[in-house]
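Engineer: just to be clear, the model below is a prediction. Sequence and coordinates:
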Number of protein chains: 2
Amino acid sequence: MALPDPLTRLIEELVRLPGIGPKGAQRLAFHLLKTPREYTDRLIEALRDVKERVTYCSVCNNITDVDPCAFCNSDARDAHIICVVEEPQMVSSIEKTREFKGLYHVLMGALSPLQGIGPDELKIKGLLARINAGVNEVILATNPNVEGEATAIYLARLLKPLGVKVTRIAMGVPVGSDLEYADEVTMHKSLEGRREV
Amino acid sequence: MALPDPLTRLIEELVRLPGIGPKGAQRLAFHLLKTPREYTDRLIEALRDVKERVTYCSVCNNITDVDPCAFCNSDARDAHIICVVEEPQMVSSIEKTREFKGLYHVLMGALSPLQGIGPDELKIKGLLARINAGVNEVILATNPNVEGEATAIYLARLLKPLGVKVTRIAMGVPVGSDLEYADEVTMHKSLEGRREV
């Protein structure tokens, strides 16, 4: 005899989420069943709100509930420097450092021929339009993996002829780590990028 | 500059779920933002349905969308034998074996003085009422840990005077495991519970 039908359906929907397997989905579903009604009501409202109120900025493609987003609309940010990232969540990672005061541009992915993602699938046209409007430097902060690296090289070739300074974030051994465990590619990048002290 | 408000709220609600930390909640929230609207609509409906349509069986306390539940209402199940478990999800675990054909009784927890859970917090009264109605055997399938064991001992003392056969599920080394990694308590239970071949 199976679980009640609504519970089975909830498990089926939860298992589609990333990082949630069949066991985890069942555990979540039973938890949601036991939890006070007020919690699920708040969760449902939060879900609905995210889908209804959060959109993408028409300038930089970052997520936002106002268009243009708070970054693009701000006087406190330096409009001469644009940091290019793959996904909106990387904007948060960079903001956490409180180091960067320029603007962002979200590509919405990275070049990946295997997955059929070419330059036309990325938000590159908008980036070019923004650069023509007086930008001094573009920081390429795509991921330090094959796709991110390919995207950075592609963009560098595209942007340099426009007379803009193009930089790439540093790759090397992460702070707080142990050199013993560094892989050889990272160690190579770390040596290659050494600076005089 | 922070994330859009609705997204922050969704992350806050997700992080309350068991097994989901701050990073996982953020990952889920960004995924839910990207996912087609139809998926979140289905998820919302499944959540609402679970809270509205799934209740607890008035006889055995198992989760159900009809009362009494499919087990208690079935002619195909043996009403002379009751398997006592802590939580509704354990019913599924036992059903998966396709071995047990009797009825269930869900206690809704286990004795735990530290958490203030005494006999009055568990669904024991209903169990006693069912036993008076002609049950031959009660299988105590509470968890093989301190709380489950205490609950089993408590119930055994309570039920035996009523003239019903009371059994406890076997504890021992799990099938497919390696004796080298068995802890001493499990190994002790395994030796203690040995059977002639």
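Structural biologist: Cool, got the structure. Residues are numbered from 1 along each chain as shown, chains lettered A, B, ... in the order given.

Engineer: tell me the buried residues in stretch A:77-86?
Structural biologist: Across stretch A:77-86, burial judged by 16 or more other CB atoms under 10 Å in any protein chain shown covers A:77, A:79, A:81-86. For glycine as for every other residue, the C-beta is placed from the backbone atoms N, C-alpha and C.

Engineer: from those residues, which land in strands?
Structural biologist: Under the assignment DSSP state E, those contribute A:79, A:81-85 to strands.

Engineer: coming back round to it: need the buried residues of stretch A:77-86 in TSV (columns: pLDDT and distance to A:Ser92).
Structural biologist: As requested, those are exported to TSV (pLDDT from 0 to 100; distance: CB to CB, whole Å):
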residue	pLDDT	distance to A:Ser92
A:Arg77	94	16
A:Ala79	92	21
A:Ile81	94	18
A:Ile82	95	17
A:Cys83	95	13
A:Val84	95	15
A:Val85	95	10
A:Glu86	95	13
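
Engineer: biggest helix in chain A by residues?
Structural biologist: In chain A, with assignment by DSSP state H, the single longest helix is helix A:37-53.

Engineer: can you tell me how far the residue most central in space within chain A is from chain B?
Structural biologist: Compute the mean C-alpha point of chain A, and by CA atoms, centre = their mean the closest residue is A:Glu87, 2.4 Å away. Here the criterion is CB to the nearest CB, to the nearest Å. By it, A:Glu87 lies 7 Å from chain B.

Engineer: can you give me the buried ones in stretch A:109-117?
Structural biologist: By 16+ other CB under 10 Å, the buried positions in stretch A:109-117 come out as A:109-112, A:117.

Engineer: and which of these is nearest to chain B?
Structural biologist: Comparing the buried residues of stretch A:109-117 against chain B with CB to the nearest CB places A:Gly109 closest, at 10.8 Å.

Engineer: what does the worst-scoring helix or strand of chain A on mean pLDDT contact?
Structural biologist: None of the helices or strands of chain A scores lower by mean pLDDT, DSSP states H and E than helix A:184-192, at a mean of 86. Helix A:184-192 has contacts (CB atoms under 8 Å, 6 or more residues apart in numbering or on different chains) with A:171-173, A:179, A:182.

Engineer: how about the nearest residue to A:Tyr154, chain neighbours excluded?
Structural biologist: Excluding the flanking residues, the one nearest A:Tyr154 by CB to CB, 6 or more residues apart in numbering or on different chains is A:Leu111, at 5.9 Å.

Engineer: the one you found reaches A:Gly118, doesn't it?
Structural biologist: Yes - using CB atoms under 8 Å, A:Leu111 is in contact with A:Gly118, at 6.8 Å.

Engineer: for A:Val85, see how far away the residue nearest to A:Tyr154 is.
Structural biologist: According to CB to CB, to the nearest Å, A:Leu111 stands 14 Å off from A:Val85.

Engineer: again with A:Glu121
Structural biologist: A:Glu121 sits 16 Å away from A:Val85, going by CB to CB.

Engineer: which residues touch A:Leu33?
Structural biologist: The neighbours of A:Leu33, taking CB under 8 Å, 6+ apart as the test, are A:7, B:50-51, B:54, B:63.

Engineer: now do the helix or strand hosting it: distance to the chain's middle.
Structural biologist: Following DSSP states H and E, one finds A:Leu33 within helix A:22-34. Distance of helix A:22-34 from the chain centroid (CA atoms, centre = their mean, to the nearest Å) equals 29 Å.
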